[in-house]
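Asker: quick check, what structure comes out for this input:
(chains A, B and C)
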Amino acid sequence: MWVQKEISLKPRPRGFHIVTDEIVRQLPELAQYSIGMLHVFIKHTSASLTINENADPTVRMDFESFFNRAVPENEPYYAHTLEGSDDMPAHIKSSMLGSSVTIPVTKGQLNLGMWQGIYLCEHRNHASGREIVITLQGD
Amino acid sequence: MWVQKEISLKPRPRGFHIVTDEIVRQLPELAQYSIGMLHVFIKHTSASLTINENADPTVRMDFESFFNRAVPENEPYYAHTLEGSDDMPAHIKSSMLGSSVTIPVTKGQLNLGMWQGIYLCEHRNHASGREIVITLQGD
Amino acid sequence: MWVQKEISLKPRPRGFHIVTDEIVRQLPELAQYSIGMLHVFIKHTSASLTINENADPTVRMDFESFFNRAVPENEPYYAHTLEGSDDMPAHIKSSMLGSSVTIPVTKGQLNLGMWQGIYLCEHRNHASGREIVITLQGD
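Answerer: Residues are numbered from 1 along each chain as shown, chains lettered A, B, ... in the order given. A predicted model of the protein is given here:
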């Protein structure tokens, strides 16, 4: 049993954002799966997806602060600079965090831990909505 | 053919630990799959899973040393500090390393390279056992 | 419908390399899948796979520059030094970037974004070809 959809996440400011509900809302088929797997894939190289803490907003603020320090803009050795100072760091952050998450499905629901949510990691200053492909499979 | 189990990995000290055998031991069904995929997912945001070198224990020691320097505790800019100085770095490390690993299954076995093992990356000082969901599918 | 192949990527110098075509060329079965998933797994712990920008070669140069600074060689605290100064950093980079990528398959093709490609991240100075396992499933 396979379901695949291409959906657009609404535009968000640079930073880390919980998108679990925005995704699950568009996937009513989930209820029919007793065992399975959900794959969420982002079709961009300057934004990424990860799973992390879904409660305290300061965690997402600290993610943004940390990754801006770990992957600074305007490093003198960057050669890829034409698309703006936020572009090359965005590519690097995207590969450090990853283009997809895969989540087990159990009894019609995502089998996430109590404190887990899906983050859209928006690394550009001025991004449009982000295209994702969600693929659900199972029994 | 789908098998899914929720199991608890025994508590371990902060650091990087090989858990391949602890997982495979609880998955005798593996022997019946000629082609497939194993997905291992950790239901926590302060521990993670990765695949790395399964032989020399100094590799895991150096992982711990490196990630403690790359993601320091007590950074003055951290806003999420209430749960202890090891908590916010644990969240960041968890997203850098990832919440799941996916491994090909071939002729009844995990098709890992000779030097590969599954690491539980324990980022908290005092953690309980960690819940994981293992999902096996294939033919 | 499952297809699994073990293939060898040709040897490449240390750095980041686009290997999308080298992989797809060996997977003519892709054309028969209307919905599915491709999993690409590298059987090594000193090289990795990621998805990033497929156009401007300076992006891959900057990846190499960045990760060499983020994960330096010859750190005085490394204990795992016997296999050369590039070895321990290679293990760490491999876990930061990941051992596998999973890509949705749609209408007989990889459903990548326009600017996305698969990178082989070669972290050793003198590596042989790299073994990967590609697993394709779907309908």
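Asker: distance check, the nearest residue to A:Ala79 once chain neighbours are set aside against A:Glu83.
Answerer: In this structure, A:Ala79 finds its nearest non-sequential neighbour in C:Thr58, 3.9 Å apart by C-beta to C-beta, 6 or more residues apart in numbering or on different chains. Every residue, glycine included, has its C-beta placed from N, CA and C. C:Thr58 sits 11 Å away from A:Glu83, going by C-beta to C-beta, to the nearest Å.
Asker: could you do A:Trp115 as well?
Answerer: A:Trp115 is 36 Å from A:Glu83, by C-beta to C-beta.
Asker: which residues does the spatially most central residue of chain A contact?
Answerer: By C-alpha atoms, centre = their mean, chain A has its centre lying nearest to A:Leu49, at 2.2 Å. With contact taken as C-beta atoms under 8 Å, 6 or more residues apart in numbering or on different chains, A:Leu49 is in contact with A:40-42, A:97-101, A:118-121, A:132.
Asker: one step back: if I've got this straight, the residue nearest to A:Ala79 is in a helix?
Answerer: Yes - counting by DSSP: H, G, I helix; E, B strand; the rest coil, C:Thr58 is part of a helix.
Asker: ok, it touching A:Asp87?
Answerer: No - with contact defined as C-beta atoms under 8 Å, C:Thr58 and A:Asp87 do not form a contacting pair (10.9 Å).
Asker: taking chain A, what residue is nearest to chain B?
Answerer: Residue nearest to chain B within chain A (C-beta to the nearest C-beta): A:Gly113, separated by 3.2 Å.
Asker: per-residue pLDDT of the closest residue to A:Lys10 other than its chain neighbours, please?
Answerer: Nearest residue to A:Lys10, sequence neighbours excluded (C-beta to C-beta, 6+ apart): A:Gly129, at 5.5 Å. pLDDT recorded at A:Gly129 is 96.
Asker: give me the number of residues near A:Gly129?
Answerer: Other residues lying near A:Gly129 total 11 when counted by other C-beta atoms under 10 Å in any protein chain shown.
Asker: got a list of what it touches?
Answerer: With C-beta under 8 Å, 6+ apart, A:Gly129 has these contacts: A:8-11.
Asker: what parts of chain A come near chain B?
Answerer: Residues of chain A found near chain B (C-beta under 8 Å from any C-beta of the partner chain) are A:35-37, A:50-53, A:56, A:58-59, A:61-63, A:65-66, A:69-70, A:96-98, A:101-104, A:106, A:111-116, A:119, A:137-139.
Asker: if we go to 6 Å?
Answerer: A:35, A:37, A:50-53, A:56, A:58-59, A:61-62, A:65-66, A:96-97, A:102, A:104, A:111, A:113, A:115-116, A:139 (C-beta under 6 Å from any C-beta of the partner chain).
Asker: give me the buried entries from those.
Answerer: Buried subset of the residues of chain A next to chain B (neighbour count, 16 or more other C-beta atoms under 10 Å in any protein chain shown): A:35, A:37, A:50-53, A:56, A:58-59, A:61-62, A:65-66, A:96-97, A:102, A:104, A:111, A:113, A:115-116.
Asker: before we move on, the earlier item: the residue nearest to A:Lys10 and A:Thr50, how far apart?
Answerer: For A:Gly129, the distance to A:Thr50 - C-beta to C-beta - is 19 Å.
Asker: just the buried ones among the contacts of A:Gly129, please.
Answerer: Judged by 16+ other C-beta under 10 Å, buried ones among these: A:Leu9.
Asker: which single one of the contacts of A:Gly129 is nearest to B:Gly15?
Answerer: A:Leu9 (36.1 Å; C-beta to C-beta).
Asker: could you measure from the closest one over to B:Gly108?
Answerer: Distance from A:Leu9 to B:Gly108, by C-beta to C-beta: 40 Å.
Asker: check chain A for me, the residue farthest from its geometric middle.
Answerer: Quick read of chain A (C-alpha atoms, centre = their mean): farthest out is A:Pro76, 28.9 Å.
Asker: need the pLDDT of that residue.
Answerer: pLDDT, A:Pro76: 98.
Asker: next: A:Gly98.
Answerer: With respect to pLDDT, A:Gly98 has a value of 98.
Asker: please name the residues that touch it.
Answerer: Residues near A:Gly98 by C-beta atoms under 6 Å, 6 or more residues apart in numbering or on different chains: A:Ser48.
Asker: could you pull out the strands for chain A?
Answerer: A:2-9, A:15-18, A:35-42, A:47-53, A:100-106, A:109-110, A:116-122, A:130-138 (DSSP state E).
Asker: so which elements touch the first one?
Answerer: Same thing as strand A:2-9. strand A:130-138 (3 or more C-beta pairs under 6 Å, 6 or more residues apart in numbering or on different chains; DSSP states H and E).
Asker: the strand it packs on near chain C anywhere?
Answerer: Yes - using C-beta under 6 Å from any C-beta, strand A:130-138 reaches chain C at A:133, A:135.
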